[in-house]
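Trainee: Structure for this input, please:
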Amino acid sequence: MMGPRVWSSVRQGLSRGLARNIRGLASGEGRKVDIAGIYPPVTTPFTATAEVDYGKLEENLHKLGTLPFRGFLVQGSTGEFPFLTSSERLEVVSRARQAMPKDKLLLAGSGCESTQATVEMTVSMAQVGADAALVVTPCYYRGRMSSAALIHHYTKVADLSPIPVVLYSVPANTGLDLPVDAVVTLSQHPNIVGMKDSGGDVTRIGLIVHKTKRQDFQVLAGSAGFLLASYALGAVGGVCALANVLGAQVCQLERLCLTGQWEDAQKLQHRLIEPNAAVTRRFGIPGLKKTMDWFGYYGGPCRSPLQELRPTEEEALRVDFTSNGWL
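Mentor: From the prediction side, this is the model:
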């Protein structure tokens, strides 16, 4: 439970206004914070005994920090956040803030199943250095997660969050799509700056961009596999698991889209589709971590109950990268 002192401090902060600068990046009067750009959703490294390896986390961030990312997402789905304790989640955010370049934005996944727990986690993550909170849809009681329930949830979190909130829809993991009508309503909240949509339905992404165009609301593609299509429809960036291993290439795709070099962008996008699918839907986090080991980062083991790839899966993963010229 959040104690009275914490609730009091949150309310005092709200009374001073939610709009603020984020690490020198001014939002401007009446304008929400700009989150445009590419973000790798950072993995959580573990030791052989399943402890969080904070040293390897820092090493990975130092290497990734040399690439032209806008920032990093920690404690997203790729970070195995459901398998971490609350204290581990906060420590990961704190260590990430210390290890990453100061000019990069730090998005932190603060979503929990209850509204109160999400508020508490969001406030705590802000205190240890998060610049914005990525809040996944609560889903355990998905049958009752109507638009009204989700609007209430996100409104309460955004009302009490000292940092901007980014909506997060990832139906492959939650079995729940954040309804478009709920997104449109929530886009009007002054402390909700945008959305990460990982569903892969580009018509839905285009519709959300269209229906929120009167708001200062930004959409991030949730995967490199449909990044080009999302940019073409008005998205402003992406949170892409593949950027943990092919970060330079994902950033290159961003540049090609932003400069209107669509033919070159299409060629690059085609070469990223199979590797992206391999480290997301096909082999998931174990596949991504194995690939990180190949590309000079630390992937290492996952935390149970996630299991290592079987030899046949590892070979298929390698084929997806070699056949597209990345290995």
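Trainee: What's opposite L220 in the beta bridge?
Mentor: K196, G237 (DSSP bridges).
Trainee: Now do the contacts for it.
Mentor: L220 makes contacts with 35, 39, 166, 194-197, 235-239, as judged by Cβ atoms under 8 Å, 6 or more residues apart in numbering. The C-beta positions use only the backbone N, C-alpha and C, and glycine is treated the same way.
Trainee: Specify which member of these is nearest to V92.
Mentor: When the contacts of L220 are compared for distance to V92 (Cβ to Cβ), Y39 wins out at 15.4 Å.
Trainee: Can you report how many residues neighbour that closest one?
Mentor: For Y39, the neighbour count with other Cβ atoms under 10 Å is 26.
Trainee: Name all residues that make contact with it.
Mentor: With Cβ under 8 Å, 6+ apart, Y39 has these contacts: 69-73, 105, 107, 220, 237-240, 243.
Trainee: what's the pLDDT at it?
Mentor: On pLDDT, Y39 comes in at 98.
Trainee: try R23
Mentor: Listed pLDDT for R23 reads 36.
Trainee: same for the lengthiest helix in the chain, what does it pack against?
Mentor: Longest helix of the chain, by residue count under DSSP state H: helix 262-277. Under the contact criterion of 3 or more Cβ pairs under 8 Å, 6 or more residues apart in numbering; DSSP states H and E, helix 262-277 touches helix 227-232, helix 247-258, helix 311-322.
Trainee: next helix or strand past the lowest-mean-pLDDT helix or strand in the chain?
Mentor: Of all helical and strand segments in the chain, the minimum by mean pLDDT, DSSP states H and E falls on helix 4-15, at a mean of 42. Next helix or strand after helix 4-15 toward the C-terminus (DSSP states H and E): strand 37-39.
Trainee: from the chain's centre, how far out does that next one sit?
Mentor: Taking the mean of its C-alpha atoms, strand 37-39 sits 9 Å from the chain's own mean (Cα atoms, centre = their mean, to the nearest Å).
Trainee: The closest residue to A232 other than its chain neighbours: neighbouring residues, count only.
Mentor: Excluding the flanking residues, the one nearest A232 by Cβ to Cβ, 6 or more residues apart in numbering is C257, at 7.3 Å. As a burial measure, C257 scores 24 neighbours (other Cβ under 10 Å).
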